[in-house]
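Enquirer: A structural model of the following input is requested.
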Amino acid sequence: MNDRILAFIPAYCCAAQIPRVLKQFADPEVHGLFDEILVVDNVSPDDTVQAALDCARAMGLGKVSVVRNQKNYGLGGSHKAAFTYAIRNGFTHVMVLHGDDQGDVKDITGVLRTGRHRDYDCCLGARFHPGAQLRGYSLLRTTGNHVYNWLFSIGSGRRLYDLGSGLNLYRTSALQSFYWLKFHDNLMFNYCMILAHVQRSERILFFPISWREDDQVSNVKLFSQARRTLGILWLYVKDRTGFLSREFREVPVESYQFETVASRL
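Expert: Predicted structure coming up:
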């Protein structure tokens, strides 16, 4: 089958890590799976864009594009910009790999090579799935994630192994209704997405991944994030039918647009 898969790399203040992420695609058996590799910089104040450009030019794959959001949309907003790009340009799937080099693209290449992804609406990397490997995760964060996975599983009525890692694949046809447009623009975008997958009765594949924390800088404030995450679950349990149409954004954005810095290096 003729898959056209967009590899979307959201990046913010990742000047040190983005070259390592791009180099994960150096293996011909890896970059051959993707039609385009799209680095979406979220108006980083550091040299993320230049680091991505330098690495892409040195690799010379001919399929790395570097773009910059018109303003800081947040992680969720960057997803929306990339989803829109994928829909408008005829990609069959969008793979998300965070630009901070916590994940490994090879964890999903087996799924792609066997064609298993074609049987699902989304393939979600799971840090807490049997067979997954964690490095550098504190006991507090690991325990907290297990608790929240359990709570969301009970609240949604479906076994969920991860509420949102940085390695996921989405079937573009399942995104074309733009149901995700009103979801949070920040880090809580993925929590809205996982509940939407359940509410829409989508076919979900969870697969184990390796995840590490080395020199990454986290923007997550654990306790305030935990409280707001529970709030999303409560809204879903209280009104499942209205969840998909709810406006979650504090400041709605009319259009999530980016400017192309360089195309297909």
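Enquirer: partners of the most centrally placed residue in the chain in the sheet?
Expert: With distances taken as CA atoms, centre = their mean, Val96 lies nearest the centre of the chain, 4.1 Å away. Partner residues in beta bridges with Val96: Phe8, Asn168, with DSSP bridges as the criterion.
Enquirer: right, and it touches Gly164 too?
Expert: No: proximity of Val96 to Gly164 does not meet the contact threshold set by CB atoms under 8 Å, at 9.9 Å. Using the backbone N, CA and C atoms, a C-beta is placed for each residue, glycine as well.
Enquirer: quick one, strands of the stretch 1-150 of the chain?
Expert: For the stretch 1-150 of the chain, applying DSSP state E, counting those that start in this stretch gives strands covering 5-11, 36-41, 64-69, 93-97, 122-126, 133-135.
Enquirer: Give me the sheet partners of the third one and which way each runs.
Expert: It refers to strand 64-69. Strand pairing for strand 64-69, using DSSP bridges, gives strand 36-41 (parallel), strand 258-262 (antiparallel).
Enquirer: which phi and psi does the residue lying farthest from the centre of the chain have?
Expert: Most distant from the centre of the chain: Lys238, at 26.6 Å, with distances by CA atoms, centre = their mean. Torsion angles at Lys238 (phi, psi; degrees, to the nearest 10) stand at phi -70, psi -40.
Enquirer: now the one 10 residues further on
Expert: The phi and psi values for Phe248, taken as degrees, to the nearest 10, are phi -90, psi -20.
Enquirer: any weak-confidence spans in this structure?
Expert: In the prediction, the chain carries residues with pLDDT under 70 at positions 1, 214-223.
Enquirer: can you do 80?
Expert: Within the chain, the set of residues satisfying pLDDT under 80 comprises 1, 137, 213-224.
Enquirer: what about the helices in it?
Expert: Secondary structure of the chain, counting by DSSP state H: helices at 18-23, 28-31, 48-59, 74-88, 106-114, 139-156, 189-199, 222-238, 240-243.
Enquirer: I'd like those written out as TSV, with distance to Glu254 added.
Expert: Shown next, in TSV, are the helices of the chain (distance: least, CB to CB, whole Å):
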stretch	distance to Glu254
helix 18-23	29
helix 28-31	35
helix 48-59	25
helix 74-88	12
helix 106-114	33
helix 139-156	31
helix 189-199	18
helix 222-238	23
helix 240-243	22
